[in-house]
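Visitor: coordinates only, sequence not included:
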C-alpha cells in the first residue's frame with residue numbers, strides 16, 4: 001500500500017505520516033529503485049495505534065516508549081501509559097477549571113466594584129498558581145512501588161504505623177454504613193484491603209492510587225473493582241460521582257497545605273450529600289504532638305521520631321475545623337495513640 005492510499009484509509013495527510021517516520025515511530029519499506037514507501041498491514045496497524053494514542057493526548061516521546069509494549073502485546077504496561085496520560089489530562093482539566101473560576105471572580109469584582117483592584121488580582125493569581133504548584137510538587141518519597149508486593153504482610157506485622165489496622169478498617173465500614181445501590185471511592189487504595197471489604201458487602205467501589213505496583217496488586221485481588229491512577233490532589237473523576245469517600249492510612253503522605261486541596265477535591269467528586277470518612281495517623285492538636293515527640297525523645301526512640309518527621313500527620317482539630325467551616329457535621333474517635341477516625345456529613 002502506497003503512502004497516499006494509507007493516508008486516505010486513515011484520514012490523515014501524507015505529511016503527518018512522514019512526520020511519524022522522521023520521529024522513528026514507523027519504518028515503512030522503501031523500494032530500492034525509487035525509494036517509494038510501501039506499507040504492509042503491520043505498519044498500517046501501527047499508524048492506527050499512533051493516531052489513537054495522539055488522540056488520547058500522548059506526546060511523541062511517550063508514544064515512542066509505549067509502542068514496544070504494543071508490539072509485544074503487553075496490555076498491562078500499555079494500560080499504565082494510558083492511565084498515566086489520563087491522569088495528566090485530568091490535572092490539566094482541573095487547572096483549566098481553576099483558571100475559569102479565577103476569571104469568573106475577576107468578572108464579579110469588576111461588576112460590583114467597577115474596577116479590578118491590583119491587590120485583588122494579585123491574590124487571585126497567586127492563589128491559582130499555588131494550587132497548580134501543589135498538584136505538581138508532590139513526590140512519592142516512600143517508594144510505594146517497591147513496597148507493593150510486601151504491603152499486606154507489613155500491615156499485619158507493623159505495630160507502629162499500622163497498629164490496630166484490621167479494627168480500623170472494620171470501624172470505618174461501620175461508620176460509613178453503606179446502603180444498597182451506593183457507590184464509594186477509596187483514595188490511596190493501595191492493595192485494596194478496605195475497598196475489598198466494601199465489595200464483600202455488595203457495595204460498588206472505585207479506587208485510586210498513584211503507585212503502579214499497588215494498582216497491580218489491587219487488580220489481582222479485586223478484578224471486579226474500578227481502579228484509576230490518581231491521587232488526593234487530582235482525583236480523576238468528574239464532579240458529583242460518589243455517595244461516600246473513604247481513605248485509610250494515606251492522608252499523612254501529603255502536606256498540611258495539600259490536605260486542604262485534597263478535602264476540596266473530595267467534596268468536588270461527591271454527590272450533594274456525600275459523606276467522608278478519614279482513618280489515619282493524627283495528633284489531637286499541636287500541643288499533644290509536641291508532648292508525644294518529647295516523650296519519645298526521653299525514651300530514646302529516635303527512630304520513631306524520624307518516622308513522624310518524615311510524614312505529615314494531620315492535626316485532628318484542624319480537620320474538624322475545616323469540616324465545620326464548610327458545612328459538615330462530624331464525629332471522631334481516637335482508636336489508639338496515633339490513630340483517629342473522622343467522619344463528616346454535609347448539612348448544607
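Guide: Ah, there it is. Everything numeric here is computed off the predicted structure, so don't read it as measured data.
Visitor: can you give me the strands in the stretch 201-348 of the chain?
Guide: For the stretch 201-348 of the chain, the strands defined by DSSP state E, counting those that start in this stretch cover 204-209, 226-229, 242-248, 270-283, 314-315, 328-334, 339-346.
Visitor: quick one: which of the ones you listed is nearest residue 60?
Guide: strand 226-229 (21.1 Å; Cβ to Cβ). The C-beta positions use only the backbone N, C-alpha and C, and glycine is treated the same way.
Visitor: can you list the neighbours in contact with the closest one?
Guide: If you take Cβ atoms under 8 Å, 6 or more residues apart in numbering as the criterion, strand 226-229 is touched by 80, 83-84, 86-87, 189, 192, 205-210, 212, 215, 218-219, 236-237.
Visitor: could you check how many residues crowd around residue 275?
Guide: For residue 275, the tally of surrounding residues (other Cβ atoms under 10 Å) stands at 22.
Visitor: output the below-cut-off pLDDT ranges for the stretch 1-150 of the chain.
Guide: 33-35, 56, 69-75, 115-118, 120-125, 127-128 (pLDDT under 70).
Visitor: show me where it has its strands.
Guide: Going by DSSP E, counting those that start in this stretch, the stretch 1-150 of the chain shows strands at 29-30, 37-38.
Visitor: parallel or antiparallel, list what pairs with the last one.
Guide: Meaning strand 37-38. Taking DSSP bridges as the criterion, strand 37-38 forms sheet pairs with strand 29-30 (antiparallel).
Visitor: restricted to buried residues, select the contacts of strand 226-229 in ChimeraX.
Guide: Provided next is the ChimeraX selection string for whichever of those are buried by 16 or more other Cβ atoms under 10 Å:
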select :80,83,86,87,189,192,205,206,207,208,209,210,212,215,218,219,236,237
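Visitor: in a markdown table, list the strands of the stretch 1-150 of the chain along with mean neighbour count and distance to residue 92.
Guide: Output for those, formatted as a markdown table (neighbours: other Cβ atoms under 10 Å; distance: least, Cβ to Cβ, whole Å):
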| stretch | mean neighbour count | distance to residue 92 |
| --- | --- | --- |
| strand 29-30 | 12 | 39 |
| strand 37-38 | 16 | 35 |
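Visitor: just send the ones you listed back as JSON lines, with distance to residue 163 too.
Guide: Listed next are these as JSON lines, based on distance: least, Cβ to Cβ, whole Å:
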{"stretch": "strand 29-30", "distance to residue 163": "64"}
{"stretch": "strand 37-38", "distance to residue 163": "65"}
